[in-house]
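*Asks:* Model the structure of this input:
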Amino acid sequence: MNNVYQHSQRRAAQGTGLLFFVATVACLLALAGTYYFFVRTTTGQFIDESALVEATALNGPATRTSTKFLDALPVISLVLASIVVLFVTIGRHRWAAAGIALAACAGANAATQLLKNWFPARPFTGVQTLELNSLPSGHTTLAASAAAAVVLMVSPRWRPLAAFAGGSFAVVTGVSTLINQWHRPSDVVAAYLVVGAFMLPAGWLMMRLGNAWNVWDGFGEHWAASRWWLLLPVVAGLSAAGVAVYSLVKIAPGDGQETSTTNYFWSGVALIVIAGYLCVVAVTWLFAHAARRRAPAEL
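*Replies:* Purely as a prediction, here's the structure:
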């Protein structure tokens, strides 16, 4: 009987190993595709650079606010992540989980800095742009990895809320780097993918080693596990998609009504929002699916 119960404890994590693997590979392939299209092709460079240039139209209060936020970002990220990780580690004795989360977080940030130096300079394809490689965004990687570490550490009932809040923090960070002209939209998207490539395997390993506490009763068992935290990023992503479509239609050749100089910028913002909240939805669903459901004996 004990063997049967132990098997049921492990079944969720083992059964979803393939999903975590596929998701990790998808992040790596998407990272390669993002780099190739936005850095190596004329069309991608033009879209990316146009969004960055048009951000100058927002010079003023928005830029000053984003600059202050970005300056404080390292401290904000480290403080928030440290508080949660320390509280959960000490209070719940999740030492292995803390080690895995911190190692993955450090790995993602180290990989971002290595990729910045490893990727060659942006080739000239006819688009006037800085040749210096800026992909992936270091600030976005820091924010997203700190948020992901929190998601990994908290109990399943808190993960939907943590994923939405952390994802929103990462999206705001990414948009701020664009407003402040520190990074192009593709740099931000690449940062999300780097974090995903590190945090997904870490999450799978954590499920394997911490399956005793990775247990819940499903969506709705707690206010932090409400389906609203899964629905809100879907709505945000769809809204951003609508903005992207509208902006791209205004840019399309043959439209003589175009007078705005910020459509590429809003398309870039929409790309960041879509990518960020798509990650939130995927992570929320995957970890909810992988968490073990409470056995009758535990109720």
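*Asks:* When you work out contacts or count neighbours from here on, use the C-alpha atoms and nothing else.
*Replies:* Noted.
*Asks:* the strands in the stretch 151-299 of the chain, which residues?
*Replies:* Using DSSP state E, counting those that start in this stretch, the strands found in the stretch 151-299 of the chain span residues 215-216, 292-293.
*Asks:* Which elements pack onto the last one?
*Replies:* Right, strand 292-293. In this structure, strand 292-293 makes packing contacts with helix 2-15, strand 215-216, judged by 3 or more CA pairs under 8 Å, 6 or more residues apart in numbering; DSSP states H and E.
*Asks:* worst average pLDDT in the strands of the stretch 151-299 of the chain?
*Replies:* Across the strands of the stretch 151-299 of the chain, strand 292-293 has the smallest mean pLDDT, namely a mean of 78.
*Asks:* Which strands border it, and is each parallel or antiparallel?
*Replies:* Its sheet considered, strand 292-293 pairs with strand 215-216 (parallel) by DSSP bridges.
*Asks:* just how off-centre is the strand it pairs with within its chain?
*Replies:* Relative to its chain's centre, strand 215-216 lies at 24 Å (CA atoms, centre = their mean, to the nearest Å).
*Asks:* picking up where we left off before, export the strands of the stretch 151-299 of the chain to a markdown table and tack on distance to residue 116?
*Replies:* Shown next, in a markdown table, are the strands of the stretch 151-299 of the chain (distance: least, CA to CA, whole Å):
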| stretch | distance to residue 116 |
| --- | --- |
| strand 215-216 | 39 |
| strand 292-293 | 39 |
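*Asks:* got the ones you listed as JSON lines, with mean neighbour count columns?
*Replies:* What follows is those, written out as JSON lines (neighbours: other CA atoms under 10 Å):
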{"stretch": "strand 215-216", "mean neighbour count": "20"}
{"stretch": "strand 292-293", "mean neighbour count": "20"}
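*Asks:* List the contacts of the residue lying closest to residue 144 once chain neighbours are set aside.
*Replies:* Sequence neighbours aside, residue 170 is the residue nearest to residue 144 in space, at 5.0 Å (criterion: CA to CA, 6 or more residues apart in numbering). By CA atoms under 8 Å, 6 or more residues apart in numbering, the contact set of residue 170 is 140, 143-144, 147, 276.
*Asks:* What is the nearest of those residues to residue 84?
*Replies:* residue 147 (10.0 Å; CA to CA).
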